[in-house]
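Novice: just need the structure, nothing else, for what follows:
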Amino acid sequence: MVLIRRAGSGDAQTLSRIASRTFTDTFGHLYPPQDLQAFLSESYSLEACERVLADDACAVWLLEDGGVAVGHALAGPCTLPHAEVAPGDGELKRLYVLLDHQNGGWGGRLFRTALEWLERDGPRTLWIGVWSENHGAQRLYARHGFEHVGDYDFIVGDIRDHEFILRRRAQSPG
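Specialist: Predicted coordinates:
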């Protein structure tokens with residue numbers, strides 16, 4: 001049975017494992033091994049995941065199939081490098097699903113779960129950073145009202161990836 005559940009403080013090891021695996025499966029071929037390993041060690045280590053899970057301003061969800069994590073999402077305050085980011089803006093920071101669990105609608109459900117949490121206190125401006133070559137993700141985000149409003153470099157070791165900054169302005173309910 002596939003389900004989405006909010007991750008808690010006891011899920012740091014699971015989060016570290018699924019975050020490292022999904023990033024590597026999706027993007028690992030783009031980087032020299034030493035750059036990839038340095039990024040994973042910094043961003044998805046057990047300690048990094050413990051910090052994220054302890055941060056009350058952020059939320060993580062795990063997509064599980066039979067109790068095994070097959071994807072995850074992370075949302076919180078916006079930290080993207082854009083001049084129009086304002087206090088109170090939210091960001092979908094990560095959305096990853098293993099390849100064999102894609103195209104079944106679960107990534108979309110995980111995405112909507114994160115957006116609902118970001119807007120739990122009412123509409124607000126939301127942001128997403130996405131690799132410039134990830135056209136499938138860009139199409140998903142565009143269907144939900146996100147527009148390309150900027151660019152930045154996403155650094156993995158010595159590699160600088162061209163990333164798009166997407167924004168959806170606060171939407172009135174109804």
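Novice: does residue 52 really touch residue 72, like I thought?
Specialist: No - between residue 52 and residue 72 there is no contact, the gap being 10.4 Å when judged by Cβ atoms under 8 Å. All C-beta spots, glycine's among them, are computed from the backbone N, C-alpha and C.
Novice: what touches both of those two?
Specialist: 15, 60 (Cβ atoms under 8 Å, 6 or more residues apart in numbering).
Novice: who has more neighbours, those two?
Specialist: Taking neighbours as other Cβ atoms under 10 Å, residue 52 and residue 72 compare with residue 72 leading, 26 against 22.
Novice: residue 59 contacts residue 72, correct?
Specialist: No - here residue 59 lies out of contact with residue 72, judged by Cβ under 8 Å, at a distance of 10.9 Å.
Novice: can you give me the helices for the chain?
Specialist: 12-27, 33-43, 46-54, 106-118, 135-143 (DSSP state H).
Novice: quick one: residue 156 from residue 148, how far?
Specialist: Separation of residue 156 from residue 148 (Cβ to Cβ, to the nearest Å) stands at 21 Å.
Novice: need the contact list for the residue nearest the centre of the chain.
Specialist: Geometric centre of the chain, nearest residue: residue 94, 0.7 Å, by Cα atoms, centre = their mean. By Cβ under 8 Å, 6+ apart, residue 94 lies in contact with 19, 72-74.
Novice: okay, now the unreliable bits of this protein?
Specialist: Within the chain, the stretches with pLDDT under 70 are 172-174.
Novice: 90 - rerun?
Specialist: 1-2, 99-107, 136, 171-174 (pLDDT under 90).
Novice: what's the closest non-adjacent residue to residue 92?
Specialist: Leaving aside its sequence neighbours, residue 92 sits nearest to residue 128 (Cβ to Cβ, 6 or more residues apart in numbering; 4.8 Å).
Novice: my bad, residue 14
Specialist: Excluding the flanking residues, the one nearest residue 14 by Cβ to Cβ, 6+ apart is residue 69, at 5.1 Å.
Novice: number of nearby residues for that neighbour?
Specialist: 20.
Novice: residue 48 against residue 40, yeah?
Specialist: No - contact criterion Cβ under 8 Å: residue 48 and residue 40 do not qualify, at 9.5 Å.
Novice: out of these two, which sits in the busier spot?
Specialist: Comparing residue 48 with residue 40 by other Cβ under 10 Å, the one with more neighbours is residue 40, at 20 against 17.
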